[in-house]
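In: No letters, just coordinates:
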Ligand code: ZN
């Protein structure tokens, strides 16, 4: 279901903002969605019909997900102060491959981390959606 063929080189900060905004709006439940990439940069959240929020780590109904190979990972929120993957998260990641973002309280630009399918932290380059500037420059 998750493509994962393409090398992911970064993430748009606007996507983090969108995740945090969504996380705040469902707090104290968990927000969960999938991620689409554009030219190797994580760019867009994709809401999955049938996702049930708040049932901790029940995660996605896979069969409901659209077949879309630009989907490269997942994002979810933790309604607490840890953005570390839970054991359930790790087993989900390892079954899916791809990139997995977890954000936690207080849901700001410093409260997220990206993990690979082995649960190892990935250092993603931060881009801005204006497309011509990169925060690292
Ligand atoms: Zn989690």
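Out: On my side now, so go ahead. In this text, all values refer to a predicted model and were calculated from it rather than measured experimentally.
In: need the residues of this structure near the ion, please.
Out: 86, 89 (C-beta under 5 Å from the ion). For glycine as for every other residue, the C-beta is placed from the backbone atoms N, C-alpha and C.
In: Residue 124: what's it in contact with?
Out: Contacts for residue 124 were tallied using C-beta atoms under 8 Å, 6 or more residues apart in numbering; they are 8-11, 42, 99, 114.
In: Wait, a strand at residue 23?
Out: No. Under DSSP: H, G, I helix; E, B strand; the rest coil, residue 23 falls outside any strand and is assigned helix.
In: shouldn't it be in contact with residue 33?
Out: No. Between residue 23 and residue 33 there is no contact, the gap being 10.1 Å when judged by C-beta atoms under 8 Å.
In: which residues do those two both contact?
Out: Joint contacts of residue 23 and residue 33 (C-beta under 8 Å, 6+ apart) do not exist.
In: between those two, who's got more neighbours?
Out: Higher neighbour count among residue 23 and residue 33: residue 23, with 25 against 20, using other C-beta atoms under 10 Å.
In: what's the closest non-adjacent residue to residue 45?
Out: Once flanking residues are discounted, residue 45 sits nearest to residue 33: 4.5 Å by C-beta to C-beta, 6 or more residues apart in numbering.
In: how about the helices of the protein, start to end?
Out: 13-26, 87-96 (DSSP state H).
In: Redo these as JSON lines? Include distance to residue 126.
Out: Shown next, in JSON lines, are the helices of the chain (distance: least, C-beta to C-beta, whole Å):
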{"stretch": "helix 13-26", "distance to residue 126": "5"}
{"stretch": "helix 87-96", "distance to residue 126": "22"}
